[in-house]
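**Q** I would like the atomic coordinates for the input below:
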Amino acid sequence: MTKAQINSNFSKSKGRVILEYILLALCLCVIALRTTFTEGPTAQSAALPGNFGESVYSLSISAVLILSFVVWCVWSLCSRRFLYRFTGIEAGLCILIIAVIVAGFAAANKRAAITGFVTQLAPILMAVLLVQILDSHSKIKLLLVFIAALGVVQAYQCAEQLLVGNQAMIEQYEQDPQTLLEPLGIQPNTLQHFQFEHRLYTRGVRGFFTTGNSAGSFALLASFAAVALFLEKLKNRKFSESVPSQFIIPGLAVAVVVFTLAVTRSKGAIAASLIAAAIFVIYFFFADRLKAHKKAILIVCLLLTIAGAYATVSYGVAHGRLPGGNSMLVRWQYWHASARMYADHPLTGIGPGNFAAFYPHYKLAEALESVADPHNFLLAVLTQYGPLGLVGFLAMIFLPLWKIIFADTAGSAPKNHQSDSAFRRLAVVMVIVVSAALLLVRPIIIPATLGDTLGVMAYVTFILYLAPVIAFAVGFWLFTTGPNDIRNTNIIAAALFCAVLGCLIHNLIDFAIFEPGVFTTLWAIIACLIALNFHQNSQTPFVLKHPRLIKMIVAPAALLIIWAYFNYCLIPPAKANAKIQQAHLAASYGQFEQAHSLLAAAAEDDYLSPLALSLNARLYLQSFHTTGRRQADLLQAEKSLLAAIERSTADFKNFERLTEVYTLLAETSIRKENDWRNKAFDSALQAVELYPGCGRLRFKLAQIAERLGKTTYACRQYKKAIDIEGSFRAQFQIMYPGRQIFSRLGEEKYSSAKQRVKLLCP
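**A** Prediction:
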């Protein structure tokens, strides 16, 4: 019979020690890559055909973390003894996985659900793995130094954008706007075009992230890691001979990282940083008193949280917005729509990665933009994973924090010091490995036109590829100046606790937490916090002596997991993406038949994704308009769109395009004109039901209804289109006072709708 026991004298085998160093290096490489490449949230990055390959990259890099965890489990379970540190994450993760299974079956787009969950699961498993690997203070210190050094890299990138990059982008846009608009799928003279110009000329600084808020959230995490390292050096000055440079140089590095937070101009991140810093200062001076009354403090914090949530909701309901500027106005609209979304899916949620497709159905008519996240991590999890998923997500974060808060501390001084020379040897190896990964991988995922002269090639290569690596190495050197042992774990743990708390506070009004670089860094810091608690309180790991039966089960189970990941998560979208890219190239050369074949093959390779089918329909429509207006193209477009709708029933865009197909068929057919028009009416009606606040869809539906003789119905739709446009214009004036009104419906359609109402409506 298998027996569990605790053995504090357990020592790892040499093979396992080497394996864990390799896995630690892989985790560090993934953190570095994700924080130096603009890897947007999956729901946003996959929304555009040109960015579909980004989701494949996310799945590939997530595979590194997931497979690292699986390899560690197999190696450990096949060893003579299985050593495991319970992190507190496990219970919440099991609950979340159950919620994902339920939400996945309810998801309209199964491919988006799988991709969305996998990219969020990988950093969580990485955190569990890191807790097992970070078995010494040197490794914990190494990971914190890496995060702080990556903060220096972000500071370099932000400074480059502030001083050079933004102005260069403005000049490029003014010379040839299409070079920036086309990759983003933005049509000229549209609302999206206006918003793009508004963001461009505000000269926002976002580092390697999608927005300044995301850069601010990462800077918050890196700043607290840097401050923790600096305070540790100050506390250690009495244990070694110190010179001023040992504190001045790291102090300058801390200032550089904090500078990044200021440069991003993220009000939410700065405010959350100040709150977290205030909590840290209070702990720094009153730690003993706080520990004596920690239960009472926890109860007060919970009551204040409930009161704050109630006050926020009450204000929003009463005023239709939150206190603050335009950003808080639109956030209340996001939250209002998300609440309605959850009300319609109270048990299952809509499925991971499906928020962007469902949001238009609940979007307020006056809202200026559609979003892929409600800008509140609680609502994001609740709407996509359901209440069970929210419980699991919060449990993964707060159960470990609860365990740390209420732990009986055994003292702040660690018992197992490693020499400074041993730390530096490990650090040098890891810096070389991570730098090599950055130099090898980033040119592949960030291809660039190097130019035709040696000077231009050298400049582009240095700015894009070499400078971030140099900044990383310099940042690492700055933070490792002086002694590098950890003696005051209480201070470091408090700083990391405040970093996690600050990130969560910031993301009550933003989506930055789900950006892969931020999410991965957050879970790395949580792992450091849990590992510190193990060392600080001398907790012994769980050791299990297991029979041969477990060894016989482990390997097949691991192979099954790996096979399932590659067969269902990674290979289908990767194969489809490769063929979609080939189809784009073939279409650009006018080889439409080959492009259609490639897109059809891509749809078969990834039988869950509607993307290839939707793109194929769009290409058939393009062929219809440019190569002779053949009715066969429209019939093929109809077939592709109907198949795409089966794979994603919540996306209004396929119904809108299907309406266009049926309208064209009605115009080019003689015998079945009314049949096609009736089908156009049905698909337009379905599009309106999925996006009721869209004036463009209402106008199109009214036109079709009018041609079918449904005058009264057409009149109602024209009126609704006018009302939607009016509410949009009113909010536009509120958000951009003094600016010329920008029509979302279009002046021609707006005027036409008014004329039709006067003519048709008594």
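**Q** hey, let's count contacts and neighbours off CA atoms from now on
**A** Noted.
**Q** quick one, strands of the protein?
**A** Secondary structure of the chain (DSSP state E): strands at 3-6, 82-84, 542-545.
**Q** for the shortest one, give the mean pLDDT please.
**A** Along strand 82-84, the predicted confidence averages to a pLDDT of 82.
**Q** pairing partners for that strand, with directions?
**A** strand 542-545 (antiparallel) (DSSP bridges).
**Q** just the pLDDT for the residue nearest the centre of the chain.
**A** Central residue of the chain (C-alpha atoms, centre = their mean): residue 515, 2.5 Å from the mean position. pLDDT for residue 515: 93.
**Q** do residue 208 as well
**A** Note on residue 208: pLDDT of 92.
**Q** burial check on it, number of neighbours?
**A** 21 (other C-alpha atoms under 10 Å).
**Q** quick one, what contacts it?
**A** Residue 208 is in contact with 35-38, 154, 157, 215, counting by C-alpha atoms under 8 Å, 6 or more residues apart in numbering.
**Q** and what of residue 431?
**A** Neighbours of residue 431 in contact, by C-alpha under 8 Å, 6+ apart: residue 473.
**Q** from residue 579, how far off is it?
**A** Distance of residue 431 to residue 579, computed by C-alpha to C-alpha, to the nearest Å: 37 Å.
**Q** ok, back up a step: in helices, which of the contacts of residue 208 fall?
**A** If you go by DSSP state H, those have 154, 157, 215 in helices.
**Q** which among these gets closest to residue 733?
**A** For these, the minimum distance to residue 733 (C-alpha to C-alpha) is 29.5 Å, reached by residue 215.
**Q** these two touch, right, that closest one and residue 207?
**A** Yes: Residue 215 lies in contact with residue 207 (C-alpha atoms under 8 Å); the separation is 6.0 Å.
**Q** can I get stretch 20-32 as CSV, trimmed to CA atoms?
**A** The C-alpha trace of stretch 20-32 is given here as CSV (Å, rounded to 0.1, in the frame of the first residue of the first chain):
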residue,chain,number,x,y,z
GLU,A,20,15.3,21.6,-12.7
TYR,A,21,18.0,24.1,-13.8
ILE,A,22,17.0,23.4,-17.4
LEU,A,23,13.4,24.0,-16.7
LEU,A,24,14.2,27.2,-14.7
ALA,A,25,16.1,28.4,-17.8
LEU,A,26,13.1,27.6,-20.0
CYS,A,27,10.7,29.5,-17.7
LEU,A,28,13.1,32.5,-17.7
CYS,A,29,13.3,32.5,-21.5
VAL,A,30,9.5,32.5,-21.8
ILE,A,31,9.1,35.4,-19.3
ALA,A,32,11.8,37.3,-21.2
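**Q** that one: which residues count as buried?
**A** 20-21, 23-32 (16 or more other C-alpha atoms under 10 Å).
**Q** which residues are in contact with each of residue 215 and residue 207?
**A** residue 154.
**Q** out of the helices and strands in the protein, which is least certain?
**A** strand 3-6 (a mean of 38; mean pLDDT, DSSP states H and E).
**Q** about what we covered before: can you report phi and psi for the residue nearest to the centre of the chain?
**A** phi -70, psi 130 (degrees, to the nearest 10).
**Q** dump the residue contacts of it.
**A** 39-41, 209, 214.
**Q** least confident pick among those residues?
**A** If you rank the contacts of residue 515 by pLDDT, residue 41 sits at the bottom with 62.
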